[in-house]
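Engineer: what would the 3D arrangement of this be:
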Amino acid sequence: MATLLWEKEKVFRISHQVPIIDSTPNEEDLKDSLKVAIEKYPKAAGILVLRHGIYVWGDDWQKAKTQTECLDYLLEIGVKMKLAGLPTVLDE
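Structural biologist: Below is the predicted model:
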């Protein structure tokens, strides 16, 4: 849902920025757009893939799991805020 609501912006913004890239028929074809997104948003802990899902990482599996749980929460709150017509960041 988040990728559809922020499709034009190509980035989900709340307290964190999570880039959104276009999906491809084959996962191996995502490597170029993943590279560009990682370079553009080096502090991002994950990347949303339009109409597909999310890639999340961390220094180890525990940190990746924590990042996943945090991003899941932020995305859920962000979707609810957007659907309610509320800004997800104060400068909007």
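Engineer: give me the below-cutoff pLDDT ranges for this structure.
Structural biologist: Along the chain, segments meeting pLDDT under 70 span 92.
Engineer: where do the helices of it begin and end?
Structural biologist: Secondary structure of the chain (DSSP state H): helices at 2-5, 31-40, 61-83.
Engineer: quick one, what contacts residue 24?
Structural biologist: 30, 33 (CB atoms under 8 Å, 6 or more residues apart in numbering). Glycine gets a C-beta too; all of them are placed from N, C-alpha and C.
Engineer: now do the phi/psi pair for it.
Structural biologist: phi -130, psi 160 (degrees, to the nearest 10).
Engineer: wait, residue 56 touches residue 69, no?
Structural biologist: No: using CB atoms under 8 Å, residue 56 is not in contact with residue 69, being 9.4 Å away.
Engineer: who has more neighbours out of these two?
Structural biologist: Using other CB atoms under 10 Å, the more surrounded residue of residue 56 and residue 69 is residue 56, with 21 against 11.
Engineer: which residues touch the more buried one?
Structural biologist: Here residue 56 is in contact with 45-46, 64, 67-68, 71 (CB under 8 Å, 6+ apart).
Engineer: quick one: those residues as JSON lines, columns for neighbour count and distance to residue 33 too.
Structural biologist: Below are the contacts of residue 56 laid out as JSON lines (neighbours: other CB atoms under 10 Å; distance: CB to CB, whole Å):
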{"residue": "45", "neighbour count": "19", "distance to residue 33": "17"}
{"residue": "46", "neighbour count": "24", "distance to residue 33": "14"}
{"residue": "64", "neighbour count": "16", "distance to residue 33": "21"}
{"residue": "67", "neighbour count": "19", "distance to residue 33": "20"}
{"residue": "68", "neighbour count": "17", "distance to residue 33": "21"}
{"residue": "71", "neighbour count": "22", "distance to residue 33": "19"}
